[in-house]
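Asker: Here is a sequence with its predicted model. Questions after.
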Amino acid sequence: MTVMAVRHFLDIDALDTQTLKSLIASARALKNETPGAQSTMLPSTSVLALMFDKPSTRTRVSFDVAMRQLGGQTIVLNSGETQLGRGETIADTARVLSRYIDAIMLRTDAHSKITELAEYASVPVINGLTDYSHPCQVMADILTYEEHRGSIAGRNVVWVGDGNNMVTSWMHAAVRFGFSLRIACPKELSPDPAVLAWVKKEGGETLVTQDPGEAAAGGDLVMTDVWVSMGDKNAAERRKLLAPYQVDQKLMKCAEKDAIFMHCLPAHRGDEVTADVIDGPQSVVFDEAENRLHAQKAILAWCLGLK
C-alpha cells in the first residue's frame, strides 16, 4: 500500500501552478455547494489544531468554521498555553501533536518556526501567517478577484504600501498564476530582495517603484495593508514613510475604470486607505474576508487528502 506524502501548505512558491489553480477551483466549488453538503467529508473525530502566537479574528474564525463545515473539530492553542512558552522545542511539540491530531495551522512571527514545525510533524502543517508570508490570504484574494473579474492571468496587480509578508506571497503568486505585479513602497520598506531575485529567475513580471501613481497606472486590482502591523517598531517613523502611499480616490483613478480594491483587514480608515475607497463601489474587502473561509476549506481538503 502506497502511503501519501504529507501535504503541507507553507508557501505559494512551494506548489506548482496546476495544484494552485486546482485549489482555487476547489474553493469555488465548495463555496457554491449547498450549505452543509461537505459535513461528512471528514470523520467527526478529525481534529485541526489552531496555534496562535499572534492575535487573530479572520484566521481563527475562518479556519475553525472551515474545519467544522468539513465535518471535523478544532482545538485552539494560544501562545503561553502550551509548553512552547516554557522552553519545549518546536520539534518535540510537532512530534507530540502529530500523535493527537490530524493537521496543524500556525499563525506566528518567525518563518523558521513553521518550517521547523513542518519538518518534524507527521501531519499537514498550514501557514496561517508568518512575518515572511501570508499564503492563505493571497489564495483567498485570487479567488475573490476571479469571482469578480475572471482569470487573474495577464492582469496588472498593484500593491501600495509596505513591502511586507503579503507582498512576498503576492510575488510568489505572480509567478505561479502569471500576472504582472506592481509594487509601490518607500525604499526603506522595500520587498525582500531574495524573493525579487527568485521572481526574476522564474521569469515573473514585477515592478518596484517609489511612485504610487506609476504602479497604479492601468491596474486591475489595487491593494494595501495597515501601516503598523503586530510587532512593528517605530510606528511614528513608519507612518511618516508611508503617508504618501495612502490609497485614495485620486490614486484609484490612475487604475482601470473597473479596477477593484482589496485590503486583507483590519483596516484603519484615514491611514492606509480613505473611507470613500474602502467603503466605495470598487471595494470587495468583505467578499475577500469571506473567501478566507472557502480558500482555507479547499486547502484543508487538499492537505487531508480529500481533493
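Answerer: Good, I have the coordinates.
Asker: For the helix or strand containing residue 22, name the packing helices and strands.
Answerer: Assigned by DSSP states H and E, residue 22 belongs to helix 17-32. Packed against helix 17-32, as judged by 3 or more C-beta pairs under 8 Å, 6 or more residues apart in numbering; DSSP states H and E, are the following elements: helix 135-149, helix 165-177, helix 285-303. Glycine gets a C-beta too; all of them are placed from N, C-alpha and C.
Asker: mind giving me TSV with these and columns for mean neighbour count?
Answerer: TSV is the format used below for the helices and strands packed on helix 17-32 (neighbours: other C-beta atoms under 10 Å):
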stretch	mean neighbour count
helix 135-149	24
helix 165-177	24
helix 285-303	23
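Asker: export those helices to JSON lines and tack on distance to residue 43 and mean pLDDT?
Answerer: Compiled in JSON lines, the helices and strands packed on helix 17-32 are given as follows (distance: least, C-beta to C-beta, whole Å; pLDDT from 0 to 100):
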{"stretch": "helix 135-149", "distance to residue 43": "24", "mean pLDDT": "98"}
{"stretch": "helix 165-177", "distance to residue 43": "31", "mean pLDDT": "98"}
{"stretch": "helix 285-303", "distance to residue 43": "14", "mean pLDDT": "98"}
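Asker: where along the stretch 201-307 of the chain do the helices fall?
Answerer: If DSSP state H, counting those that start in this stretch is used as the criterion, the helices of the stretch 201-307 of the chain fall at 212-216, 235-242, 249-252, 275-278, 285-303.
Asker: Near residue 229, how many other residues are there?
Answerer: Applying other C-beta atoms under 10 Å, we find 16 other residues in the vicinity of residue 229.
Asker: what's residue 182 in contact with, if anything?
Answerer: Taking C-beta atoms under 8 Å, 6 or more residues apart in numbering as the definition of contact, the neighbours of residue 182 are 156, 157, 158, 159, 206, 207, 209, 214, 215, 216, 219.
Asker: change it to 6 Å
Answerer: Each residue near residue 182 by C-beta atoms under 6 Å, 6 or more residues apart in numbering is listed here: 158, 207, 215.
Asker: Would you write a ChimeraX line that selects the buried entries of those?
Answerer: Restricted to buried positions by 16 or more other C-beta atoms under 10 Å, the ChimeraX selection for the contacts of residue 182 reads:
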select :158,215
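Asker: between the contacts of residue 182, which is closest to residue 145?
Answerer: Proximity of the contacts of residue 182 to residue 145 (C-beta to C-beta) peaks at residue 158, which lies at 11.9 Å.
Asker: residue contacts, residue 252?
Answerer: Taking C-beta under 6 Å, 6+ apart as the criterion, residue 252 is in contact with residue 277.
Asker: residues in contact with the helix or strand of the chain with the lowest mean pLDDT?
Answerer: Ranking every helix and strand in the chain by mean pLDDT, DSSP states H and E puts helix 235-242 at the bottom, with a mean of 93. For helix 235-242, contacts defined as C-beta under 6 Å, 6+ apart pick out 161, 186, 188, 227, 228.
Asker: What of stretch 281-288?
Answerer: Stretch 281-288 is contacted by residues 141, 144, 148, 260, 261, 262, 263 when judged by C-beta under 6 Å, 6+ apart.
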